[in-house]
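Participant: Starting from these lines, generate the structure:
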Amino acid sequence: MTSRRLLALGAIAVLTGAACSPPAGTPTTAPPTSAASTTPSPAETPPEETTAPTVPAPDPADFPGKDEHTEEGAKQAVRYYWAMLVWGYETGDTEILQGLHLETCGNCVDNLESIGYAKDHDKLWSDASITDEDVYIGEPGEYETVVQYVFIVGAHDEPDYDSSDVNAKPDTRYFTANGMTWRDDRWLMEGSAIEIETVDDSAE
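Facilitator: A predicted model of the protein is given here:
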């Protein structure tokens with residue numbers, strides 16, 4: 001288990017694919033698209049619609065108590081949110097993810113936009129594992145509850161937004177602080193801050 005590092009909900013980092021991924025980088029917003037629409041020439045063939053990779057969705061049963069108004073419930077709700085976010089980058093599916101946060105969570109909104117861009121442009125990730133290292137209750141500050149969650153996103157591939165390249169991302173550790181609020185009989189993410197570091201296998 002990694003040593004605890006208290007992360008304040010001040011400076012916000014974002015988990016978005018391409019320029020910055022959970023592991024090594026992430027744009028604060030999805031790459032801009034051109035405002036002007038163009039009609040492809042006859043010689044151009046529109047790309048075929050691709051099918052999202054078949055990756056099992058996170059099982060709610062693996063996050064027991066996430067819908068209970070307790071500290072343990074808040075911790076499980078945070079774990080579920082991050083599992084669904086990574087799964088969104090793998091599949092492009094955000095139907096459930098959209099209901100796990102409030103609009104005040106800028107990171108959450110930015111990631112939804114980035115996942116939408118990745119899906120529309122065939123830039124989804126390969127399968128990436130999540131390994132828990134630590135999860136505990138931090139200082140609440142302006143939030144009802146703050147959950148500090150440390151986890152590792154396993155090595156995976158990410159297509160580059162600006163080219164046809166595919167980037168190999170290494171195992172990366174995330175230190176996250178997640179401001180949670182209880183509303184409509186469930187925990188919702190109200191704000192989030194992130195720090196990341198590449199896992200150094202040689203230090204183990």
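Participant: mind checking the SS state of residue 95?
Facilitator: coil (DSSP: H, G, I helix; E, B strand; the rest coil).
Participant: Which strand or helix spans the residue most central in space within the chain?
Facilitator: By Cα atoms, centre = their mean, the mean C-alpha position of the chain lies nearest to residue 85, the distance being 3.8 Å. Residue 85 belongs to helix 71-91 when elements are defined using DSSP states H and E.
Participant: For that helix, the averaged confidence score.
Facilitator: The pLDDT scores in helix 71-91 average 98.
Participant: Next: stretch 137-144.
Facilitator: 92.
Participant: And the helix holding residue 85, what does it pack against?
Facilitator: Secondary-structure packing of helix 71-91 (3 or more Cβ pairs under 8 Å, 6 or more residues apart in numbering; DSSP states H and E): helix 106-120, strand 130-137, strand 145-153, strand 172-183, strand 186-198. C-beta here means a position set from N, CA and C on the backbone, and glycine is covered the same way.
Participant: Only alpha carbons, please: show it as PDB.
Facilitator: Written as PDB, here are the backbone C-alpha positions of helix 71-91 (Å, rounded to 0.1, in the frame of the first residue of the first chain):
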ATOM      1  CA  GLU A  71     -18.600   6.900   4.900                       C
ATOM      2  CA  GLU A  72     -18.100   3.400   3.500                       C
ATOM      3  CA  GLY A  73     -20.900   4.100   1.000                       C
ATOM      4  CA  ALA A  74     -19.100   7.300  -0.100                       C
ATOM      5  CA  LYS A  75     -15.800   5.400  -0.600                       C
ATOM      6  CA  GLN A  76     -17.500   2.700  -2.700                       C
ATOM      7  CA  ALA A  77     -19.300   5.400  -4.800                       C
ATOM      8  CA  VAL A  78     -16.000   7.000  -5.600                       C
ATOM      9  CA  ARG A  79     -14.500   3.700  -6.600                       C
ATOM     10  CA  TYR A  80     -17.500   3.000  -8.800                       C
ATOM     11  CA  TYR A  81     -17.200   6.400 -10.400                       C
ATOM     12  CA  TRP A  82     -13.600   5.900 -11.400                       C
ATOM     13  CA  ALA A  83     -14.300   2.400 -12.700                       C
ATOM     14  CA  MET A  84     -17.100   3.700 -14.900                       C
ATOM     15  CA  LEU A  85     -14.900   6.600 -16.100                       C
ATOM     16  CA  VAL A  86     -12.100   4.300 -17.300                       C
ATOM     17  CA  TRP A  87     -14.700   2.000 -18.800                       C
ATOM     18  CA  GLY A  88     -16.200   5.000 -20.600                       C
ATOM     19  CA  TYR A  89     -12.800   5.600 -22.300                       C
ATOM     20  CA  GLU A  90     -12.600   2.000 -23.300                       C
ATOM     21  CA  THR A  91     -16.100   1.700 -24.800                       C
END
